[in-house]
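Visitor: Just the structure for this:
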Amino acid sequence: MAPDTLLLAAPRGFCAGVDRAVLIVEKALEAYGAPVYVRHEIVHNTHVVESLRRRGAVFVEDETTVPEGSIMVFSAHGSPPEAFENSRRLDHVLIDATCPLVTKVHHEARRYARDGKHIVLVGHEGHQEVVGTMGQARDAITLVETPEDVDGLALDPDVEIAYITQTTLSMDETASVVDRLRQRFPMLEQPKSDDICYATQNRQDAVKVLAQRCDLILVVGSSTSSNSKRLVEVSRDRGVPSYLIDDATGIDAAWLEGVGTVGLTSGASAPEEVVEGVIAWFRARSEIVVDTVMVVDEDVEFAMPSVLARRLRELSGQDADSDAGSDADDDSGSDEDASDGVPVDLPR
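Guide: Purely as a prediction, here's the structure:
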């Protein structure tokens, strides 16, 4: 028997940081023409990357391989300071698409290091965001992933310690690690506001609501997407089977045996048209009722980087001297406590 109900999580899909990053590449192609080089995948989604590649984006892992004077976009996940230095040395037209919430964590890392504190970063080794954050204060940061990693920390008990986190982690996963840190280091300093981004939290909260009403939850997202994988974990932690799919072709009909209600959500880097493809897959097989479960309404927006905003204004004949509505000048690596003109403490 086919499922009779499909519940759609709201919010789902693109967050403000991803929407901004993808738009930056699209507008850079419009403003400068192809090729536009992008350091790492702009966001972790195969559909988004392939779409931009077809339009003229060239994705690289090493900015030093990009020809001098080229247009260079840095991905939403953030990059270490030396990557910016390399691009400036090569006279690239540098456009920073780092999510402002990731930049907030970078500022925290530099501030803690400047104040002589040792930093414990809660995150997943090898993830691009973690690579970029570790680079902000390489000699002052230790990475942990689990409570057991905290137990193995060989830190002087007299050293001042602060913690920061990868923005796309599971709330529950992070809480257990931070609890263990507080047990070991009672004077532990924490960020002024939560590092887990508002979109990650909201999408996880939506899955928790779906888990109360669904027999199965499908998460649209790529295997490289940390926040998408966390959504699967949140569902499974509540006893509801869940699977990560890139698109409708990833659905296994065997998963649906005995399932009456399916929940559907998508990671913060998954485009809505892919979700629509999954909905169409279900509708083609049965007369299924499709409904939306609204958990929170998101209205966060981030401005364009100023170098790109100025270029677009010049092309449209507008006043290039006015930067109203755009970010402050790109200055990754600075010690300011705001990210490109975006407030550090954003609504959750």
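
Visitor: Please, where are all the strands along this structure?
Guide: Residue ranges of the strands in the chain, as given by DSSP state E, are 5-10, 36-39, 57-60, 71-74, 93-96, 118-122, 141-144, 161-165, 216-220, 242-245, 261-266, 289-294.

Visitor: Could you save those as JSON lines and add columns showing mean pLDDT, mean neighbour count and distance to Met304?
Guide: In this view, the C-beta of every residue, glycine as well, is placed from N, C-alpha and C. Output for the strands of the chain, formatted as JSON lines (pLDDT from 0 to 100; neighbours: other C-beta atoms under 10 Å; distance: least, C-beta to C-beta, whole Å):
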{"stretch": "strand 5-10", "mean pLDDT": "98", "mean neighbour count": "20", "distance to Met304": "26"}
{"stretch": "strand 36-39", "mean pLDDT": "98", "mean neighbour count": "25", "distance to Met304": "15"}
{"stretch": "strand 57-60", "mean pLDDT": "98", "mean neighbour count": "16", "distance to Met304": "17"}
{"stretch": "strand 71-74", "mean pLDDT": "98", "mean neighbour count": "26", "distance to Met304": "12"}
{"stretch": "strand 93-96", "mean pLDDT": "98", "mean neighbour count": "23", "distance to Met304": "9"}
{"stretch": "strand 118-122", "mean pLDDT": "98", "mean neighbour count": "23", "distance to Met304": "29"}
{"stretch": "strand 141-144", "mean pLDDT": "98", "mean neighbour count": "18", "distance to Met304": "30"}
{"stretch": "strand 161-165", "mean pLDDT": "97", "mean neighbour count": "23", "distance to Met304": "26"}
{"stretch": "strand 216-220", "mean pLDDT": "98", "mean neighbour count": "26", "distance to Met304": "27"}
{"stretch": "strand 242-245", "mean pLDDT": "98", "mean neighbour count": "20", "distance to Met304": "31"}
{"stretch": "strand 261-266", "mean pLDDT": "98", "mean neighbour count": "25", "distance to Met304": "24"}
{"stretch": "strand 289-294", "mean pLDDT": "98", "mean neighbour count": "12", "distance to Met304": "29"}
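
Visitor: Distance to Leu315 added to those, as JSON lines?
Guide: Output for the strands of the chain, formatted as JSON lines (distance: least, C-beta to C-beta, whole Å):
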{"stretch": "strand 5-10", "distance to Leu315": "36"}
{"stretch": "strand 36-39", "distance to Leu315": "15"}
{"stretch": "strand 57-60", "distance to Leu315": "19"}
{"stretch": "strand 71-74", "distance to Leu315": "14"}
{"stretch": "strand 93-96", "distance to Leu315": "14"}
{"stretch": "strand 118-122", "distance to Leu315": "40"}
{"stretch": "strand 141-144", "distance to Leu315": "41"}
{"stretch": "strand 161-165", "distance to Leu315": "39"}
{"stretch": "strand 216-220", "distance to Leu315": "35"}
{"stretch": "strand 242-245", "distance to Leu315": "39"}
{"stretch": "strand 261-266", "distance to Leu315": "33"}
{"stretch": "strand 289-294", "distance to Leu315": "39"}
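
Visitor: for Val66, phi and psi?
Guide: Dihedral pair for Val66: phi -90, psi 130, per degrees, to the nearest 10.

Visitor: so it sits right up against Val73, yeah?
Guide: No: applying C-beta atoms under 8 Å, one finds Val66 not in contact with Val73, separated by 10.4 Å.

Visitor: list residues touching both of those two?
Guide: Tyr37 (C-beta atoms under 8 Å, 6 or more residues apart in numbering).

Visitor: where does the stretch 1-150 of the chain have low pLDDT?
Guide: Residue ranges of the stretch 1-150 of the chain with pLDDT under 70: 1.

Visitor: returning to that earlier point: right, and the strands of the chain - which one's nearest Thr200?
Guide: strand 161-165 (10.3 Å; C-beta to C-beta).

Visitor: Measure how the closest one sits relative to strand 118-122, angle-wise.
Guide: Relative orientation of strand 161-165 versus strand 118-122 (axes from the mean of the first three to the mean of the last three C-alpha atoms, to 10 degrees): 30 degrees.

Visitor: what packs against strand 161-165?
Guide: Secondary-structure packing of strand 161-165 (3 or more C-beta pairs under 8 Å, 6 or more residues apart in numbering; DSSP states H and E): helix 100-114, strand 118-122, helix 171-184.

Visitor: quick one: contacts for the residue nearest to Glu189 when sequence neighbours are not counted?
Guide: Of all residues not flanking Glu189 in the chain, Ala162 sits nearest, at 4.0 Å (C-beta to C-beta, 6 or more residues apart in numbering). Residues near Ala162 by C-beta under 8 Å, 6+ apart: 108, 112, 117-120, 188-191.

Visitor: Kind regards, and thank you for your time.
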